[in-house]
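Undergrad: here's my sequence, what's the structure:
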Amino acid sequence: MSFIDNIKMMPPVTKNLIIINVIIWLAMIAIRPLSDMLQQYGALYYFTSDQFIPSQLVTYMFIHANIWHLFFNMFALFMFGVTMERVLGAPKFLFYYISCGIGAALVQEGVFAIMIHHYASVFQNAGSLTSLLRHLSVTNQELFNIGINPAEPVVHQIFALYHTPQSEHQARYSASSLHSDTCSPTYASISSSHRYPSKPVYLCSSTPALSC
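TA: Sure, this is the predicted structure:
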């Protein structure tokens, strides 16, 4: 049986999920403004961040970091989704797929909550600090006003946890392993305007996530 025959025989939900993911990825590669918009509104942010939108719990599942991330995820969906959809039926399989994605996102949010609490606990005024850093724009003076040195690396780490976008790969990886190395945020310096950068630089593991 040829590859084309396998595609034709693929159950509808699995086939359409693969098609949707590929189309979105191609659109993000081809149209930079669309890519930026999807990263801003579709990727997953921490739930108290200014950038969080509830719909991100679903939309992040269709955003991929690169071609290999997309390939391995779609390969796993093809390998396991076909059988599961035939066993469960299309409606139950779609419910299972979306539930796994939302569940992974909630675990990711929980991991971020633990990490933010851990980092912020070194400061006496942790509540004021986290209330300030959840905003996308934070000035050095605002940090000084609550007794925080803006140059503290921990401050940058907390800010990155609030404002680093998470794709489907990162959230599912965190759901399967509660390690903090899913994303390692790094900042070269605070910008000349003395504001934290609106788009943090972040380095993510290339390990593909293949399960819920």
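Undergrad: which stretches of this structure form strands?
TA: 183-185, 202-204 (DSSP state E).
Undergrad: weakest of these in terms of mean pLDDT?
TA: Of all the strands of the chain, the minimum mean pLDDT falls on strand 202-204 (a mean of 29).
Undergrad: quick one, longest helix in this protein?
TA: helix 90-120 (DSSP state H).
Undergrad: list the buried residues in that helix.
TA: Buried positions in helix 90-120, judged by neighbour count with 16 or more other Cβ atoms under 10 Å: 93-94, 96-97, 101-102, 104-105, 107-109, 111-112, 116, 119-120. Every C-beta, even on glycine, is put in place using the N, C-alpha and C of the backbone.
Undergrad: just stretch 31-38 next, same as before
TA: Those would be 35, 38, for stretch 31-38 by 16+ other Cβ under 10 Å.
Undergrad: what does the average pLDDT come to for that stretch?
TA: pLDDT averaged over stretch 31-38 gives 90.
Undergrad: then stretch 158-165?
TA: Here the average pLDDT along stretch 158-165 is 87.
Undergrad: same deal with stretch 97-117?
TA: Rounded mean pLDDT across stretch 97-117 is 93.
Undergrad: off-centre distance for it?
TA: Distance of stretch 97-117 from its chain centroid, counting by Cα atoms, centre = their mean, to the nearest Å, is 10 Å.
Undergrad: sweet, I'm off.
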